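Quick one: sequence plus predicted model below, questions after.
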Amino acid sequence: MSKPILYTKNECSKCVLVKNLFMAMELEYETVNIDENAEAKELLVSKGFLALPVLQVEEEFIADVKQIQEKVKELI
């Protein structure tokens with residue numbers, strides 16, 4: 001399985017919350033900041049996402065923080 005990808009942006013408190021969860025669980029993940037990556041932003045918008053954070057695990061995209069927390073626990 002490839003590393004989960006966490007899409008974030010600058011000044012996003014929910015993004016920080018999820019990053020802290022990954023760090024607390026000692027899970028490896030990739031971070032993509034859409035303020036610095038226009039292609040990633042276009043990808044998320046094309047999939048209907050307007051808010052962050054968004055977690056991508058394989059082909060699954062999750063935008064709800066509670067669902068992200070549940071998915072992170074599954075990855076342990």
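Yep, it's here.

can you pull the contacts of the residue nearest to T8 when sequence neighbours are not counted?
Excluding the flanking residues, the one nearest T8 by Cβ to Cβ, 6 or more residues apart in numbering is C15, at 3.8 Å. From N, CA and C alone the C-beta is placed, and that goes for glycine too. By Cβ atoms under 8 Å, 6 or more residues apart in numbering, C15 lies in contact with L6, T8, K9, L52, P53.

Quick check: the first one touching N20?
By that I understand L6. No. Here L6 does not reach N20: they are 11.3 Å apart, not a contact under Cβ atoms under 8 Å.

Which of the two has more residues huddled nearby?
Between L6 and N20, counted using other Cβ atoms under 10 Å, L6 has the larger neighbour count: 23 against 10.

Correct me if wrong, but that one is in a strand.
Yes. Counting by DSSP: H, G, I helix; E, B strand; the rest coil, L6 is located in a strand.

For the helix or strand hosting M23, give the mean pLDDT please.
Counting by DSSP states H and E, the element that carries M23 is helix 13-25. In this model, helix 13-25 has a mean pLDDT of 95.
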